[in-house]
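>>> show me the folded form of this:
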Amino acid sequence: ADLSAQVAARNVVMAWKQRPLASFPEYSCYGAKAPPSIVCVSLHKWDGIVRFNGLVLCGYVAMAMKRLIEEMQLGVAHGTFLVPQMWSFMETTSMLMGKYVFTC
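Residues are numbered from 1 along each chain as shown. You can find the predicted model right below:
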């Protein structure tokens, strides 16, 4: 949803300036035809499954990623110092990895 919001916000400004509008997902996903498919499922306090396009991770690695996502989102919501910037960096990295590394 935040990727769509990014394009929508840009298009409001571009429409006001009477310039060409950006398209989704190409604008927010660095030219990719689709955003990466990221699914994170908690199975227990110490277990989970994470799927990033075709890559599937289970166990402690998935649990650590799940916890990281939770903590980052809570930090963004609370406006914790530097967390929004870190989340933006992680989101950019996942977009680029989805386009170039872990493709479907």
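>>> drop to CA atoms for contacts and neighbour counts, all remaining ones
OK.
>>> the helices in the chain, which residues?
2-16, 60-78, 83-100 (DSSP state H).
>>> so for residue 54, which of the ones you listed sits nearest?
Distance to residue 54, taken as C-alpha to C-alpha, is lowest for helix 83-100 among the helices of the chain, at 9.6 Å.
>>> one step back: the helices of the chain: which one's closest to residue 28?
helix 2-16 (5.9 Å).
>>> which parts of the closest one are buried?
7-8, 10-11 (16 or more other C-alpha atoms under 10 Å).
>>> now swap in stretch 72-82 and tell me
Result for stretch 72-82 [16+ other C-alpha under 10 Å]: buried residues 72, 75-76.
>>> distance-wise, check residue 46 relative to residue 39.
Distance, residue 46 to residue 39, by C-alpha to C-alpha, to the nearest Å: 17 Å.
>>> wait, residue 69
11 Å.
>>> looking at these two, which is more packed in?
Between residue 69 and residue 39, counting by other C-alpha atoms under 10 Å, residue 69 is the more crowded of the two (15 against 12).
>>> which residue is nearest the centroid of this protein?
Centroid-nearest residue in the chain, with C-alpha atoms, centre = their mean: residue 91, separated by 4.1 Å.
>>> how many other residues sit next to residue 48?
Neighbourhood size, residue 48 [other C-alpha under 10 Å]: 20.
>>> list the contacts for the residue nearest to it when sequence neighbours are not counted?
Excluding the flanking residues, the one nearest residue 48 by C-alpha to C-alpha, 6 or more residues apart in numbering is residue 42, at 4.4 Å. The contact partners of residue 42, by C-alpha atoms under 8 Å, 6 or more residues apart in numbering, come to 48-49, 63, 66.
>>> quick check: the farthest pair among those?
49 and 66 (8.6 Å).
>>> okay, and the common contacts of the two?
Shared contacts of residue 49 and residue 66, counting by C-alpha under 8 Å, 6+ apart, come down to 40-42.
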